[in-house]
Every structure is written in C-alpha cells, then in structure tokens.
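Participant: Here is a sequence with its predicted model. Questions after.
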2 protein chains.
Amino acid sequence: METKGGFYITQIKQLQDRIFEKLLIENGIEISSGQGRILFVLWKKDHLTVSEISRQTSLAKNTVSIVIDGMVQKGLLERTINPENRRQTIISLTEYAKSMRIKYEAVSEQMGVLFYQGFSEKELKEFEGYLVRIRDTLAEYEENFPLH
Amino acid sequence: METKGGFYITQIKQLQDRIFEKLLIENGIEISSGQGRILFVLWKKDHLTVSEISRQTSLAKNTVSIVIDGMVQKGLLERTINPENRRQTIISLTEYAKSMRIKYEAVSEQMGVLFYQGFSEKELKEFEGYLVRIRDTLAEYEENFPLH
DNA sequence: TTAGAACAATTCTATATAGAATAATTAGAG
DNA sequence: CTCTAATTATTCTATATAGAATTGTTCTAA
C-alpha cells in the first residue's frame, strides 16, 4: 500500500511558505514563517517557556532558541528568567509584537481563503480534524521514542 | 473565520522529517528528506530537467540545483546537458540510486503506517484528496503570480 | 540577421532547522 | 545532606531552503 500524504504535506509547506511570505511583504510585514509560528502561539497565551513553545510549534528546542534570538533583536520578544525555576526562560511579547497582531492576522485570513479555495465548511472541518489526528500521532511517537 | 490548516501542515512537516530521518538512519540509509523527495519523483520517471523536478517537488529551482549537487557528490545522480536544448540539464539516477529504492520504500511504508495510524481506507483517500486539491490551488496561484 | 526578450540552470548570500555537545539549575535516591 | 540523574536552555556545526543576481542558450520581432 503506497501512501503519499507525507510528500503532499511537504509540497504544501513549501508552497504556502513562499506565498505567505510574499503576501506579508506586500503588506509591509517583515515576519518570517518561523517567527510567525512563534507569534501565533504567544498571541494565544503570552509568557511561555522555550520548551512549551517548542512543543506547541513542533520546532526543535534549539531551533526555537535561535529564532527567538532574531525576534529579540527585532524587538518582538523579551527574555526573562523564571525566578521560581531558574532553568527556564520565559518568553514574552513586546508591545510592538502585540501591535502587529491585527495586521498579521488579516494576511493570515487572506492566506486561509486561498488555501481552502473551493472547500465547503464541512470539508474544511473534516480536513483539519484529520490533520490534528496525524499531528497528535506523530507528536506522541516522538515523545515516546525521543530522537536524541 | 480562523483556519489553522497551514499551521498544522507545518507542524506535521517538522515532526515527520525528524521521525523519518531517524527511521532511515536506523535502517542504514543516509538520505535526507530533500534528497528523498527528488528520488521519489525520479524513481517514478527518470531523466527529468531541473525545472521539472522543481515543479514536481514544489522546491524552488535553485534549491533543487543545490540538493542535486550533494546527490551527485554522493553518487546518487548524474547530470547531462540536453543536446536538443542546451539550456536544460537532464538529471538521471545512477545504478546505486536505483539499487536503494526497495529499502527506501520499505521505510516509507513503515512511516506511512505510523502517519495514518487509526485511519480507515476511506478516510485516507479522502484526506489525500483534500491535500491534492490544496496543493494544486497553491501551485496554480504561484504559477499565475510568480514570486520572482 | 540580429538585438532584445524569454528561458534554464547555477552561484551568491542569507535565513531556517536540527543533532550533538555543553552549561546551568533542580530533583531525587541513598 | 550530598552526589548523581534529570531538566532546561543555549551554542556549535552542518544541511536545507530560497530570493536576487548571473551566465549561457534559444526564440522572436523588426
């Protein structure tokens, strides 16, 4: 039985990154795809640790560290050490990052419309349900059989 | 209306790349995710141009060029100039690359089983149908509004 | 026929991503 | 208590990816 889901996922990832980045630039927003994903989770809930952001974005922890470096440089995020557990770094949004949310989400919405062109509401829900199932399967696998 | 498909796609891409690479290494196969995608299309039809590989993998053309460099180095691929159109480079599989197909596809199959854990045949077909629709939408968009 | 447009691939440069190793802190077993 | 294991984040190194610019080839309109 040959399946192609993984191949399609990668194709879509590549296409959407290139298109979304272009839409953002056209709208005067200079936020990369990786940076956007971190903002996405922090806009939902601010003040997360690096590990928590790693878990929620599915980026490796060291990748999160490095992307955050760039975002601190650009004035989007701030690092503080958690006094209750000094191993942890708490990542927080700056006012600047908060102020970009509306504009960024407008472009996201525009991207979503393109992405789901021709989909009914029902199909969209069904599709995202499948995605969540696969993501959870893979995340659980990685957690139980750590890669490093 | 907020959609999350793009975010989920990226999460799955990251997870599957890390897991698949680990499975390959465990099976003694040293082929990266990007290299695997190029082999995937060449195993279906050998002797393609760089542009055609770019189109079929949804990787940017310059990315394909560079990944092919590495694969030529490793003895997986060969470059020849198309005498009928000397602008084109024809990419061909070596015997070595052909010989790896069976083993690689066994690991792919293993990955597919994990990926679609808990899916019925019907759900799998439906899901891959959705993926193809989205991929085609995005690919068409990029073709009509070139990014560069 | 030829100059400029179009096409195909590559190179140059910069960012994204992750594995392995390291540093710092906390938890836990004896 | 204390020494080792576990946790958390970061740095180091290497590959992946793509935009912009470049090179070489073909096509096309005057």
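Facilitator: Great, that's in hand.
Participant: which residues does A:S32 contact?
Facilitator: Listed by CB atoms under 8 Å, 6 or more residues apart in numbering or on different chains, the contact set of A:S32 reads A:E21. The C-beta positions use only the backbone N, C-alpha and C, and glycine is treated the same way.
Participant: And the helices in chain A?
Facilitator: A:5-26, A:33-44, A:50-57, A:61-73, A:95-115, A:121-144 (DSSP state H).
Participant: Mind putting the ones you listed into a markdown table with mean neighbour count and distance to A:N82?
Facilitator: Formatted as a markdown table, those follow (neighbours: other CB atoms under 10 Å in any protein chain shown; distance: least, CB to CB, whole Å):
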| stretch | mean neighbour count | distance to A:N82 |
| --- | --- | --- |
| helix A:5-26 | 20 | 32 |
| helix A:33-44 | 19 | 16 |
| helix A:50-57 | 18 | 11 |
| helix A:61-73 | 15 | 15 |
| helix A:95-115 | 15 | 20 |
| helix A:121-144 | 16 | 23 |
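Participant: Need these in JSON lines (columns: mean pLDDT and distance to B:I29).
Facilitator: As requested, these are exported to JSON lines (pLDDT from 0 to 100; distance: least, CB to CB, whole Å):
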{"stretch": "helix A:5-26", "mean pLDDT": "95", "distance to B:I29": "16"}
{"stretch": "helix A:33-44", "mean pLDDT": "95", "distance to B:I29": "28"}
{"stretch": "helix A:50-57", "mean pLDDT": "96", "distance to B:I29": "27"}
{"stretch": "helix A:61-73", "mean pLDDT": "95", "distance to B:I29": "24"}
{"stretch": "helix A:95-115", "mean pLDDT": "95", "distance to B:I29": "33"}
{"stretch": "helix A:121-144", "mean pLDDT": "95", "distance to B:I29": "19"}
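Participant: right, and these - which one's nearest B:I91?
Facilitator: With CB to CB as the criterion, B:I91 lies closest to helix A:5-26 of the helices of chain A, at 18.0 Å.
Participant: Relative to DNA strand C, how far out is the residue nearest the centre of chain A?
Facilitator: Nearest residue to the geometric centre of chain A (CA atoms, centre = their mean): A:R37, 2.2 Å. Distance, A:R37 to DNA strand C, using CB to the nearest atom of the strand, to the nearest Å: 7 Å.
Participant: Next up, the contacts around that residue.
Facilitator: A:T57, A:L59, B:F7, B:T10.
Participant: what would the helices of chain A look like in a markdown table with distance to B:E128?
Facilitator: A markdown table is the format used below for those (distance: least, CB to CB, whole Å):
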| stretch | distance to B:E128 |
| --- | --- |
| helix A:5-26 | 6 |
| helix A:33-44 | 24 |
| helix A:50-57 | 25 |
| helix A:61-73 | 28 |
| helix A:95-115 | 16 |
| helix A:121-144 | 10 |
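Participant: and of the ones you listed, who's closest to B:R87?
Facilitator: helix A:5-26 (23.7 Å).
Participant: The closest one near DNA strand C anywhere?
Facilitator: No - if you take CB under 7 Å from any atom of the strand as the test, helix A:5-26 misses DNA strand C, and the best it gets is 7.5 Å.
Participant: which ones are touching the residue in chain A that DNA strand C sits nearest to?
Facilitator: Going by CB to the nearest atom of the strand, DNA strand C is nearest to A:G34 of chain A, at 2.4 Å. Applying CB under 8 Å, 6+ apart to A:G34 gives the contacts A:L59, A:T63, A:V67.
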